[in-house]
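**Q** Only the shape, not the letters, is given here:
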Ligand code: GAP
């Protein structure tokens, strides 16, 4: 067992404060007193969340020949969730505190009520986490629908459609990013566990004999994705579930865990789901979900390897891993050392003053950069204050237009991490920034 890594005990509070103050994440419906466990992503947060999802899509779909994308419906009929096992088994153990009447998830409270300290609880009962709703204007059994608690099932129910329309053959995958909903008993830790969240899931269909190899392959791939985007290996670990802890569908699950301020916790699960889902949906729908290999005349139900990540949870981990306080020119600064691919703004264009001749050139520079980078433009306050504001939200590069620019057609590029400043010709600026970000 790894030891708990040392983390700043105030990190969670610091990140929550920064997220609210600078427009990453706001509590939802705040003007009405908030709505527990729901969050809205502000101007910077929406950029960053899109970047997290884009980085996942880039590695899972854009740069792979063997994986295609999908965007399935959020609303689904009970038949899907009966077949998947969610109606029966997607439950958490719910207990009531007899003293203060609060409700808790039994496995998260160590036998003591976090509200009043009592140990007097009701017997645990299975609480189904799915949100049930009604589709259409007529109430009744036929109108029941569920909000999906995972994106995965939309992939399984489209298995035959994707196979027929793409002519893919195992090993191949279907990737999906989208909202999922779970009526969590105890949502907690900011956007770590919420009732509405975004998932990034991929179902990889393989010949049964190859399942173990692909399972190990995807564990390694997914671990490397987080490292590539800036999380240090010492902040990550792999945790293989014991057989008795596996979900109803799983033949093996390994979590990628992150060193959150409260300890190691799950970022993503990689599971070998065997032929569970395709078989369940075949039996329930009567449509055969299998693969016929024309070369060998062999018909089989593929096994599924599933890397299942949370987009909102991953964004929180990237924020925590990037958060640093250091001293620059005798002053403590907060800096988010985000990978440029995740930063909400990649470049900030800063005219030294509001003088029209500087703003004119600065806007020209902005026009050159905007098609290639997500840019901010800021003309308020002193240049030092503006650098600090950009550091605090993780902008990797500031481009300053000053009076010398009017003479030499050059700007100053400041690097967030080293605070080093370099003079670059405006004509060469785009190429310079592309080189700094490893693009040709
Ligand atoms: N299809 C398998 C599946 O959904 P999961 O471990 O329940 O597996 C996958 O969920 C990932 O989705 C988790 O590792 C986590 O990142 C994210 N996730 C799950 N429940 C969440 C919640 N209530 N709030 C935020 N993210 C959540």
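**A** Nice, thanks for sending it over. Owing to the predicted nature of the structure, the values given are computational and were not obtained by experimental measurement.

**Q** For the rest of this, base every contact and every neighbour count on C-alpha atoms.
**A** Fine.

**Q** Can you classify the residue of the stretch 1-150 of the chain found nearest the ligand by secondary structure?
**A** Of all residues in the stretch 1-150 of the chain, residue 150 sits closest to the ligand, at 4.6 Å by C-alpha to the nearest ligand atom. Under DSSP: H, G, I helix; E, B strand; the rest coil, residue 150 falls in the coil class.

**Q** Please tell me I have it right and it contacts residue 177.
**A** No - with contacts counted by C-alpha atoms under 8 Å, residue 150 stays clear of residue 177, the gap being 10.1 Å.

**Q** who touches both of those two?
**A** Contact with both residue 150 and residue 177 is made by residues residue 199, according to C-alpha atoms under 8 Å, 6 or more residues apart in numbering.

**Q** ok so, going back, tell me the contacts of the residue of the stretch 1-150 of the chain closest to the ligand?
**A** Counting by C-alpha under 8 Å, 6+ apart, residue 150 has contacts 180-181, 199.

**Q** Quick check: it vs residue 92, distance?
**A** Distance of residue 150 to residue 92, given as C-alpha to C-alpha, to the nearest Å: 15 Å.

**Q** Please apply the same query to residue 120.
**A** Distance from residue 120 to residue 92, by C-alpha to C-alpha: 19 Å.

**Q** touching the ligand at all, the longest helix anywhere in the chain?
**A** Counting residues, the longest helix in the chain under DSSP state H turns out to be helix 211-228. No - remark: helix 211-228 sits outside contact range of the ligand, by C-alpha under 6 Å from any ligand atom, the gap being at least 11.7 Å.

**Q** name the helices or strands packed onto that helix?
**A** strand 252-260, strand 263-274, strand 303-310 (3 or more C-alpha pairs under 8 Å, 6 or more residues apart in numbering; DSSP states H and E).

**Q** Are there helices or strands packed against the last one, and which ones?
**A** Looking back up the chat, that one is strand 303-310. strand 196-206, helix 211-228, strand 263-274.

**Q** How far does that strand sit from its chain's centre?
**A** 14 Å (C-alpha atoms, centre = their mean, to the nearest Å).

**Q** re earlier: okay, residue 120 and residue 92: which has more neighbours?
**A** residue 92 (19 against 15; other C-alpha atoms under 10 Å).

**Q** Can you tell me the centre-most residue of the protein?
**A** The centroid of the chain falls nearest to residue 311 when counting by C-alpha atoms, centre = their mean (1.5 Å).

**Q** Would you mind confirming that it makes contact with residue 55?
**A** No - under the criterion of C-alpha under 8 Å, residue 311 is not in contact with residue 55, lying 10.4 Å apart.

**Q** pLDDT wise, what is the residue in the stretch 101-250 of the chain that the ligand sits nearest to at?
**A** At 3.4 Å from the ligand, residue 193 is the closest residue in the stretch 101-250 of the chain, using C-alpha to the nearest ligand atom. If you check residue 193, the pLDDT there is 96.

**Q** Same question for residue 125.
**A** In this prediction residue 125 is given a pLDDT of 91.

**Q** List the residues that contact residue 154.
**A** Residue 154 neighbours (C-alpha under 8 Å, 6+ apart): 72-73.

**Q** Repeat that for residue 403.
**A** Contacts of residue 403 by C-alpha under 8 Å, 6+ apart are 352, 358.

**Q** and if you look at residue 273?
**A** Residue 273 neighbours (C-alpha under 8 Å, 6+ apart): 249-252, 303-306.

**Q** out of these, who has the most neighbours?
**A** Neighbour-wise, the contacts of residue 273 (other C-alpha under 10 Å) top out at residue 305, 31 neighbours.

**Q** for that one, which residues make a bridge with it?
**A** residue 204, residue 272 (DSSP bridges).

**Q** if I read this right, it contacts residue 203, doesn't it?
**A** Yes - counting by C-alpha under 8 Å, residue 203 is a contact partner of residue 305 at 5.9 Å.

**Q** Setting the sequence-adjacent residues aside, check what's closest to residue 275.
**A** Counting by C-alpha to C-alpha, 6 or more residues apart in numbering, the nearest residue to residue 275 once its immediate chain neighbours are dropped is residue 303, at 4.6 Å.

**Q** pLDDT at that neighbour, what is it?
**A** Residue 303 is given a pLDDT of 98.

**Q** show me the contacts for it.
**A** 205-208, 211, 272-276.

**Q** OK, now which residue of the stretch 301-440 of the chain is nearest to the ligand?
**A** For the stretch 301-440 of the chain, C-alpha to the nearest ligand atom, closest residue to the ligand: residue 310, 3.3 Å.

**Q** Quick check: residue 83 is in a helix.
**A** Yes - membership of residue 83 in a helix is supported by three-state DSSP.
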